[in-house]
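K.L.:
fold the stuff below for me.
(2 chains)
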Amino acid sequence: MTMPRTTPTTPTTPTLPGHLIGGVGESVRRPDGTLKVKGEFAYSSDLWAEGMLWGATVRSPHPRARVRSIETGEALVMPGVMAVLTHEDVPGRKTYGLEIPDQPVLAFHDVRYQGEPVALVAADHPETARRAAGRVAVDYEVLEPLVDAEDALAPDAPPLHPSGNVLRHIRIRHGDPEAAAEVVVAGEYEVGMQDQAFLGPESGLAVPDGEGGIDLFVSTQWLHVDRDQLAASLALPPEQVRITLAGVGGAFGAREDLSMQIHACLLALRTGRPVKILYSREESFFGHVHRHPARLRYEHGATREGRLVYVKARIVLDGGAYASSSKAVCSNAACFAAGPYDVPNVSVDCYVAYTDNPPCGAMRGFGAVQTCFAYESQMDRLAAELGMDPLELRLRNAIEEGGHLPTGQRVEGAAPVAELLRRVRAAPPPERAAASPDLRDLPGGVSNVTHGEGVRRGVGYAVGFKNIGYSEGFDDYSTARVRLSAAAGEPLVEVHTAAAEVGQGLVTVQAQVARTELGVEQVVVLPADTQVGSAGSSSASRQTWMTGGAVKAACEAVRSRVLSLAAERLGRAAEGLGLSDGCVVGGEERLVALADLLGGEAVEETREYHHRQTQPLDPENGQADAHVAFGFAAHRAVVDVDTELGLVKVVEIATAQDVGKAINPQAVEGQIEGGIAQGLGLALMEEIQVADGKVRNPSFTDYLIPTVLDMPPVRMDVLELGHPDSPYGLRGVGEPPTISSTPAIVAAVRAASGRPLTRVPVRPEHIVGLPAGAHPDPRHDGG
Amino acid sequence: MPVPPAELTAELTIDPADREAVRAGRQAAVESGLALDAGPDTTALSGAKREVLDALHRVMDAALAAGAATVEVRLQAPRDVRRDV
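P.N.:
As a prediction, the model looks like this:
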């Protein structure tokens, strides 16, 4: 696999000369990589403390019910049980939530989804806790669940929350709403509920400090927002709630919301002992939010020459029982609903509704995934109607730098949509399977269902984009503390932030930035905790930009002080001095070693990095400069389809993506491949099956994720077109690979099968064209 | 969470003995479009600061007009949110 890189169009060279190893732009190896591969890495599930108890959660088996009473006596008398808690034991705010606090810490009246926490148990053994949880008797008045988002939006629908079921409605009106076109295509699309499917289930250890406060060691994405929600519900000042990041086994958005955090702290504070909670795989499916299922109705109008005239869309997202980050997901779905195209007239109505389904929230791609599947499917449909090559249609309408989105926002910096498409088109096609192919290269694999008969090859293209960083007026920032000292005669840099390393590689990025800015090879990244200011969440493809920016700013402040000190000692002007290879240098001359300059002194600085301000969407027409930057990627998928059995083998994915600047090229490759794997999962495999509000497949036996046998080779073309506003010109990398890989794969399957395929994940029955109603669940008629 | 969380959350607990006041306060909260359940006898208003404060005024007005004797209010503003939107 190769990763050619283009020459940056804006200068992104590190500020200082030198021959430093491990700086910005190098493929630095992860310090935790080998440990993880060998199974030796300590995840939050491995935490242990002397005398600790185990927590267990009593959950509602019903998607909608009223809690009449909770009897805890039988559980409390079990030997080994130390505490049983209900909502009455929550000393502070009884609800929490990322955007609005609508979710009960423990149900106090209604339960609104299957698996909602109702009570907690702490015991001296996990099995005792589990059995005791089974003895908590909850008397429910079972109610009919409201499980269809369209139904929930109806004016006469029963309100699941006091002010109704419409969580957010965004209207975007751009250009002429009555615009007409020569060629019109319409379609309805559906996206199923995808799970983040991280491998490390929710877990953490709460340790009371003996003075009324609490220390929590947990795998999470945003330590400070966790802390603030905990403090509110525990009725403690934030200073008495200290959070340290434990080993994270993947996140992808699913750890933005609280899961076991408040519960473990409540039990620890009640018992005065450390309490660990570790969800099982099944419980994990009920313990975090999922990607919003969506129904999307689109109409595209174009000239006969293939110029887009208008796009109209009505999008309905199922938010599930609680808000989580649904309002923001709704915003993204609306803002990016027309795709990375120059469309003069756009009308979008995007809704997100409360239902009694599992709560939905953040997941990689965050609203842009659902719409990309729909608008790219529409582009293929329009190309077919026009008799035009689908790629040519996209090229003809690709947005460019300086172009405007339907929100009126001008696209600043590179918008290489056409260039990305041309690159994936130019990628050499994969070879055809040999006459006697390896079964593993065929649809169905070693199940030996075909030796090539009935197998057709298809090729599909898609391009997508989304915002980088927080939007709509959020004061997005990160904080970094950097300390330069001498240890054992060598300079040492310590970097302290609260940024969550969730597997994306931030741990190397922080050190790379420090090495580059301070010319010091030995850099220690301290554990992330709340003893330093907020870093924001490891989400929205923002952390390298934001925390990288904060570390850079703190390093610059440290460098300035060190150079002033050197100037004073050396009797020279600071302006001509720099740091390189552990020394203060003047041009090429090494003037003094940093260790000698500092002696026993240390220089420490803390800085916040804020990206430029954005604006909230206008409530009437959705117009605003709501986003700070965008990430673009294009994909070409090549698939082999067994058209008789409906089985798919993805042969190869070719992708081109602008990353601005690859801070760690190897990590960039990992992000792109991982994102494509999740896009492939949504295209062909991954869906939480929910029927009448109940999850039917909460296991990795029944919820299928791509394995190494499903993942094709990735031909990768990484552009570094330097963003004008960001540190080193970088853009976010993590999400764009997920967004357009899904529609590219589906387009390829369409090309091979000739089926319309309007729903993801695509199932074999869609490909072979079973008649509507052949599937036991009519919602799965996506063919 | 790429858009700002609610700027302000106001939790209101009206003395449950004042049944008519609880009903009137709850109704005013629901009509504001900002109401959330926040406990067995507690309703919260969550949203932009100005909207919440305006709604809070109406809810208190309704509860007091219906004979409320005691209304507890707790305001909470998250730290990581811009104040000028």
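K.L.:
I'd like to know which elements the longest helix along chain B is packed against.
P.N.:
Counting residues, the longest helix found in chain B (DSSP state H) is helix B:49-65. On a contact count with 3 or more CB pairs under 8 Å, 6 or more residues apart in numbering or on different chains; DSSP states H and E, helix B:49-65 meets strand B:8-14, helix B:19-32, strand B:42-47, strand B:71-76. The way it works is simple: take the backbone N, C-alpha and C, and place the C-beta from them, glycine included.
K.L.:
now those as JSON lines including distance to A:Cys265?
P.N.:
Formatted as JSON lines, those follow (distance: least, CB to CB, whole Å):
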{"stretch": "strand B:8-14", "distance to A:Cys265": "20"}
{"stretch": "helix B:19-32", "distance to A:Cys265": "29"}
{"stretch": "strand B:42-47", "distance to A:Cys265": "21"}
{"stretch": "strand B:71-76", "distance to A:Cys265": "18"}
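K.L.:
wait, which of those is closest to A:Val749?
P.N.:
For A:Val749, the closest of the helices and strands packed on helix B:49-65 is strand B:42-47, at 43.5 Å, according to CB to CB.
K.L.:
what's the closest one packed up against?
P.N.:
On the basis of 3+ CB pairs under 8 Å, 6+ apart, strand B:42-47 makes packing contacts with strand B:8-14, helix B:19-32, strand B:35-39, helix B:49-65.
K.L.:
can you list the buried residues in the longest one?
P.N.:
Yep, that's helix B:49-65 we're talking about. Residues B:Lys49, B:Glu51, B:Val52, B:Ala55, B:Leu56, B:Val59, B:Met60, B:Ala62, B:Ala63, B:Leu64 are the ones in helix B:49-65 that count as buried (16 or more other CB atoms under 10 Å in any protein chain shown).
K.L.:
and the contacts of it?
P.N.:
If you take CB atoms under 8 Å, 6 or more residues apart in numbering or on different chains as the criterion, helix B:49-65 is touched by B:6-10, B:12, B:14, B:18, B:21-22, B:24-25, B:27-29, B:31-32, B:34, B:43, B:45-47, B:71, B:73, B:77, B:83.
K.L.:
next: the second one.
P.N.:
Contacts with helix B:19-32, where a contact means CB under 8 Å, 6+ apart, come from A:162-163, B:12, B:14-16, B:35, B:41, B:43, B:45, B:51, B:55, B:58-69, B:71.
K.L.:
redo that, cut-off 6 Å
P.N.:
With contacts defined as CB atoms under 6 Å, 6 or more residues apart in numbering or on different chains, helix B:19-32 is touched by A:162-163, B:14, B:35, B:43, B:55, B:58-59, B:62-63, B:66-68.
K.L.:
mind putting the helices and strands packed on strand B:42-47 into JSON lines with mean pLDDT and distance to A:Ile21?
P.N.:
Converted to JSON lines, the helices and strands packed on strand B:42-47 look like this (pLDDT from 0 to 100; distance: least, CB to CB, whole Å):
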{"stretch": "strand B:8-14", "mean pLDDT": "95", "distance to A:Ile21": "50"}
{"stretch": "helix B:19-32", "mean pLDDT": "96", "distance to A:Ile21": "60"}
{"stretch": "strand B:35-39", "mean pLDDT": "96", "distance to A:Ile21": "53"}
{"stretch": "helix B:49-65", "mean pLDDT": "96", "distance to A:Ile21": "50"}
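K.L.:
now distance to A:Asp102 too, for those, in JSON lines please.
P.N.:
Listed next are these as JSON lines, based on distance: least, CB to CB, whole Å:
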{"stretch": "strand B:8-14", "distance to A:Asp102": "10"}
{"stretch": "helix B:19-32", "distance to A:Asp102": "13"}
{"stretch": "strand B:35-39", "distance to A:Asp102": "5"}
{"stretch": "helix B:49-65", "distance to A:Asp102": "14"}
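K.L.:
run a quick neighbour tally on residue 25.
P.N.:
Since no chain was named, I'll use chain A. For A:Gly25, the neighbour count with other CB atoms under 10 Å in any protein chain shown is 18.
K.L.:
let me rephrase: I mean chain B.
P.N.:
Neighbours around B:Gly25, by other CB under 10 Å: 27.
K.L.:
can you tell me the closest non-neighbouring residue to it?
P.N.:
B:Ala63 (3.6 Å; CB to CB, 6 or more residues apart in numbering or on different chains).
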